[in-house]
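Undergrad: no sequence for this one, just the structure:
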């Protein structure tokens, strides 16, 4: 069985090949790697493949899915948890098998979230550069003690819960907002309405999926409700934040600090070396001018453990497709409503 892997980086090839050899010693899948994202311009590269394996910035709208189907492809394997980039309604109509990696090392993203919070709070990135230039001044590096601070967690799935457990160890007071409450959080903090969470939190961290109901959940209205000087953190999906509204809140000093590992227009930037390029995204460039903004390139998932699990689950999903067996990671149109 042939799988065309799109948006493939060297580490994707390494971990997928290792999983392919480890799990299927007698019937390895045939993997072909493409550095290009899957889109209308590149869909021809999947011709003759039984499945495509895609990531967060591949775009599977109706025309792409129809072209895949015409070329003989019948399965879409997402090596990520999010699926907002797939037209599930069209996929269902065409009879595609679509499966994601619903859960993989949630601690990887949770730990990175804490790393961003503490880096931005204690200015360790700026201190590192100062000391390398023999500048040992502490002016401008003042932070706050995490113990006793109120942190609002928007989304209490596996990653949100992992973040809550870590923050509980810091001695933080935890508030959470989620339409689907989980009993595990009750031992860690308190569920409240979003408005109350925004008004009382010193730090707000986002851990919810991107869908119509959550797109731009952080906007001018919700930013106005936030505690003056609060920190906002997003390691989930870029589209959860209205970037223009956040820039306005930073300029007015309403928002105290911002840490993001995702950006709503990241597909044209992330996962490639752009150091010799002219970045023509004026919104992104404006964000980068703020000294109280920390941006990383969607690396929260990037650990050995997470990549191992992602690769194994992705290929197990393919095995379910081949064998026609039940797959708990399979997606249908109802999952996107």
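TA: Thanks, I have it. For clarity, every value in this text was computed on a predicted model and none was experimentally measured.
Undergrad: In terms of helix, strand or coil, where does the residue lying closest to residue 119 once chain neighbours are set aside fall?
TA: Of all residues beyond its chain neighbours, the one nearest residue 119 is residue 125 (5.5 Å), with distances taken as C-beta to C-beta, 6 or more residues apart in numbering. From N, CA and C alone the C-beta is placed, and that goes for glycine too. Three-state call for residue 125 (DSSP: H, G, I helix; E, B strand; the rest coil): helix.
Undergrad: Would you tell me which helix is longest in the chain?
TA: For the chain, the helix with the greatest residue count under DSSP state H is helix 304-323.
Undergrad: Surely the residue nearest to residue 119 and residue 295 touch.
TA: No: contact criterion C-beta atoms under 8 Å: residue 125 and residue 295 do not qualify, at 10.9 Å.
Undergrad: How many residues are close by residue 318?
TA: For residue 318, the count of nearby residues is 24 (other C-beta atoms under 10 Å).
Undergrad: Ok, residue 136 next?
TA: For residue 136, using other C-beta under 10 Å, the count is 8.
Undergrad: likewise residue 27?
TA: Neighbour count of residue 27, defined by other C-beta under 10 Å: 10.
Undergrad: picking that back up, look up how far residue 237 lies from the residue nearest to residue 119.
TA: Residue 125 sits 24 Å away from residue 237, going by C-beta to C-beta, to the nearest Å.
Undergrad: So the two - more neighbours on which side?
TA: residue 237 (24 against 11).
Undergrad: I'd like the distance from the helix or strand encompassing residue 257 to the chain centre, please.
TA: For residue 257, the enclosing helix or strand under DSSP states H and E is strand 255-260. Chain-centre distance of strand 255-260: 17 Å, with C-alpha atoms, centre = their mean, to the nearest Å.
Undergrad: contact partners of the next helix or strand after it?
TA: Later in the chain than strand 255-260, the nearest helix or strand by DSSP H and E is helix 282-287. When contacts are defined by C-beta atoms under 8 Å, 6 or more residues apart in numbering, helix 282-287 is touched by residues 243-244, 246-247, 258, 263, 265, 269, 279, 293, 295.
Undergrad: Tell me the pLDDT of residue 335.
TA: pLDDT, residue 335: 55.
Undergrad: do the same with residue 241
TA: 98.
Undergrad: same question, the one 10 residues further on
TA: As predicted, residue 251 sits at a pLDDT of 98.
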